[in-house]
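S.K.: please find the sequence and the predicted model below.
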Amino acid sequence: MINITREELVAARAEMLDGMNNYILERIGDEEIFNIWFMGGVPDGATMDDLLEIAKDDELWTDCIECFAKCCRVAGVI
């Protein structure tokens, strides 16, 4: 079993959110997808502090994961 602190978990989640946000904005690059992501995932112009706040909240974190998957499905990536 891997033992990590809550603080480490939140930091890892924030890094993942940053990566997902960059993927949506830079790799998919579609306005319709942006709208889905901004409404259900990470807000437009989010800072690392914003990402850390989202990462701290289990429900918001899960919502972002689900929204990212939805964006990828709509874009035809998965």
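M.R.: Happy to help now that I have it. Numbering: from 1, shown residues only.

S.K.: do you know the pLDDT at residue 1?
M.R.: Listed pLDDT for residue 1 reads 83.

S.K.: kindly format the C-alpha coordinates of the helix or strand of the chain with the lowest mean pLDDT as PDB.
M.R.: The least trusted helix or strand in the chain, going by mean pLDDT, DSSP states H and E, turns out to be helix 31-40, with a mean of 94. Taking Å, rounded to 0.1, in the frame of the first residue of the first chain, the C-alpha atoms of helix 31-40 are listed here in PDB:
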ATOM      1  CA  GLU A  31     -14.700  26.000 -29.000                       C
ATOM      2  CA  GLU A  32     -17.600  23.500 -28.200                       C
ATOM      3  CA  ILE A  33     -15.200  21.500 -26.100                       C
ATOM      4  CA  PHE A  34     -13.900  24.600 -24.300                       C
ATOM      5  CA  ASN A  35     -17.500  25.500 -23.300                       C
ATOM      6  CA  ILE A  36     -18.100  22.000 -21.900                       C
ATOM      7  CA  TRP A  37     -14.800  22.100 -20.000                       C
ATOM      8  CA  PHE A  38     -15.200  25.600 -18.600                       C
ATOM      9  CA  MET A  39     -18.800  24.900 -17.500                       C
ATOM     10  CA  GLY A  40     -18.100  21.500 -15.800                       C
END
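
S.K.: next, the nearest residue to residue 46 once chain neighbours are set aside: secondary structure please.
M.R.: Using CB to CB, 6 or more residues apart in numbering and skipping residues adjacent in sequence, the residue nearest residue 46 is residue 21, 6.6 Å away. In short, each C-beta sits where N, CA and C put it, glycine included. What DSSP: H, G, I helix; E, B strand; the rest coil gives for residue 21 is helix.

S.K.: fine by me, we can end here.
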